[in-house]
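*Asks:* sharing a sequence plus its predicted fold:
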Amino acid sequence: MTAFTLTDLRHLFASNEGLAGNAEFGPDDLDVALADLGYDSLAMLELAAVVQREYGVRMPDDCVIEMTTPRTAIDYINRRLTEVHAA
C-alpha cells in the first residue's frame, strides 16, 4: 500500500460535497490549522467518514482531536492505514 499524501487529502476535500472549503491548500499550509483553512469539526467528521468509506479503515469520532492540520491529518490517516494492513 502506498502512503496517503497531501494530494490524496486535497482530492478528498475537493471531491466531496460535505467537505466544501479551501482544497487549494498546499505544502506551505501543512502546519496551518484546518479551521483556518475553512474546515470545522463537522467537516473533519465528514473527512473521517469519507476515509472510512473509500479506504476501508475505521476512523473513530475522536480522530478529529488529532487531525488539526493537514500534516496531522495525513499522519493520522497513514497510521490508521498501516494498522489495518499490518493486521
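*Replies:* Alright, I've got the coordinates. Residues are numbered from 1 along each chain as shown.

*Asks:* where does the chain dip in pLDDT?
*Replies:* 1, 18, 20-23, 87 (pLDDT under 70).

*Asks:* where do the helices sit along it?
*Replies:* Under the criterion DSSP state H, helices of the chain are mapped to 6-15, 41-55, 63-66, 70-86.

*Asks:* would you mind putting these into a markdown table with distance to Asp28 alongside?
*Replies:* C-betas here are computed from N, CA, C, even on glycine. Formatted as a markdown table, the helices of the chain follow (distance: least, C-beta to C-beta, whole Å):
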| stretch | distance to Asp28 |
| --- | --- |
| helix 6-15 | 11 |
| helix 41-55 | 20 |
| helix 63-66 | 22 |
| helix 70-86 | 10 |
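
*Asks:* which residue is the nearest non-sequential neighbour of the spatially most central residue of the chain?
*Replies:* With distances taken as C-alpha atoms, centre = their mean, Ala73 lies nearest the centre of the chain, 4.6 Å away. Excluding its sequence neighbours, the residue lying closest to Ala73 (C-beta to C-beta, 6 or more residues apart in numbering) is Met67, at 3.9 Å.

*Asks:* list the residues that contact the one you found.
*Replies:* Counting by C-beta atoms under 8 Å, 6 or more residues apart in numbering, Met67 touches Leu34, Met44, Leu47, Ala48, Ala73, Tyr76, Ile77.

*Asks:* buried ones among those?
*Replies:* Leu34, Met44, Leu47, Ala48, Ala73, Tyr76, Ile77 (16 or more other C-beta atoms under 10 Å).
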